[in-house]
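S.K.: Make a model of this:
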Amino acid sequence: MRFYEFQSSSSKPLSPAQARIKALKDQAKRAQAAVKAERARQKIQAGEIELAKVS
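M.R.: Purely as a prediction, here's the structure:
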């Protein structure tokens, strides 16, 4: 392997407080993605209902 292929990462594990913050940030990102997906699903469903009314 070449030197540039190695990934530099922190060698120390996270403290419990830092791990909790990281977990909460990750959870917030997943929640935002879920909200975005749900809004898109509802928008598609509303469009399908409108199409059914027109037909």
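S.K.: How many neighbouring residues does residue 35 have?
M.R.: Residue 35: 10 surrounding residues under other C-beta atoms under 10 Å. Any C-beta I mention is one placed from the backbone N, CA and C, and that applies to glycine too.
S.K.: Also residue 14?
M.R.: 12.
S.K.: what about it, which SS state?
M.R.: When classified by DSSP: H, G, I helix; E, B strand; the rest coil, residue 14 comes out as coil.
S.K.: Spatially, what comes nearest to it if we skip its sequence neighbours?
M.R.: residue 22 (6.4 Å; C-beta to C-beta, 6 or more residues apart in numbering).
S.K.: what distance separates the helix or strand hosting the one you found from the middle of the whole chain?
M.R.: Element membership of residue 22 [criterion: DSSP states H and E] is helix 16-54. On the basis of C-alpha atoms, centre = their mean, to the nearest Å, helix 16-54 sits 9 Å off its chain's mean C-alpha point.
S.K.: What mean pLDDT does it get?
M.R.: Computed over helix 16-54, the mean pLDDT rounds to 97.
S.K.: Make 22 the first number, not 1, from now on.
M.R.: In the new count, where the first residue is 22, that last one comes out as helix 37-75.
S.K.: Tell me the helices and strands packed up against it.
M.R.: If you count contacts as 3 or more C-beta pairs under 8 Å, 6 or more residues apart in numbering; DSSP states H and E, helix 37-75 packs onto no helix or strand.
S.K.: Give me the buried positions along it.
M.R.: Across helix 37-75, burial judged by 16 or more other C-beta atoms under 10 Å covers no residue at all.
S.K.: For residue 75, see how far away residue 69 is.
M.R.: Separation of residue 69 from residue 75 (C-beta to C-beta, to the nearest Å): 11 Å.
S.K.: list residues touching both of these two?
M.R.: By C-beta atoms under 8 Å, 6 or more residues apart in numbering, residue 69 and residue 75 have no common neighbours.
S.K.: follow-up on the earlier one: ok, the residue nearest to residue 35 to residue 63 distance?
M.R.: 31 Å.
S.K.: And for residue 71?
M.R.: Distance, residue 71 to residue 63, by C-beta to C-beta: 13 Å.
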